[in-house]
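Colleague: sequence isn't available, so here's the structure alone:
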């Protein structure tokens, strides 16, 4: 069998690294072809994977968003010479209160006004359409 590999390698002028690359390319092609034939199963597996990873992605997004104001608040607290042990927890608490306040304003002030605007548009669109 090794004699046959040598004959093929000599005929095509391939060394061992090129043969490894060629094997990888063939394997990649087979995997893509099988994936295309059984695309429903592949999408189902990918969907399950996304459902498993989604809570971690949401947590990372929340942490990333909260970290920006939290750093600013932490530097403001550190500048006042407070106890260094409490910088991070206090800044987290202040940030959470700040973000929850913004959410409350959006929910209780902006959302009802948006709903009123949508109802007003619903009533006024037929009038403009008749013109």
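Modeller: Perfect, I can see it now. These figures come from a predicted structure and were not determined experimentally.

Colleague: flag the shaky bits of this protein, pLDDT-wise.
Modeller: Across the chain, the ranges flagged by pLDDT under 70 are 1-2, 5-14, 80-83.

Colleague: could you chop it up by domain?
Modeller: As assigned by automatic domain parsing, the chain contains the domains 1-37, 45-130.

Colleague: what helices and strands are in contact with the strand or helix carrying residue 48?
Modeller: Secondary structure assignment for residue 48, by DSSP states H and E: helix 39-79. Helix 39-79 is packed against helix 87-105, with contacts defined by 3 or more C-beta pairs under 8 Å, 6 or more residues apart in numbering; DSSP states H and E. The way it works is simple: take the backbone N, C-alpha and C, and place the C-beta from them, glycine included.

Colleague: so after the helix it packs on, what's the next helix or strand?
Modeller: Toward the C-terminus from helix 87-105 - assigned by DSSP H and E - lies helix 111-130.

Colleague: all good on my end, thank you.
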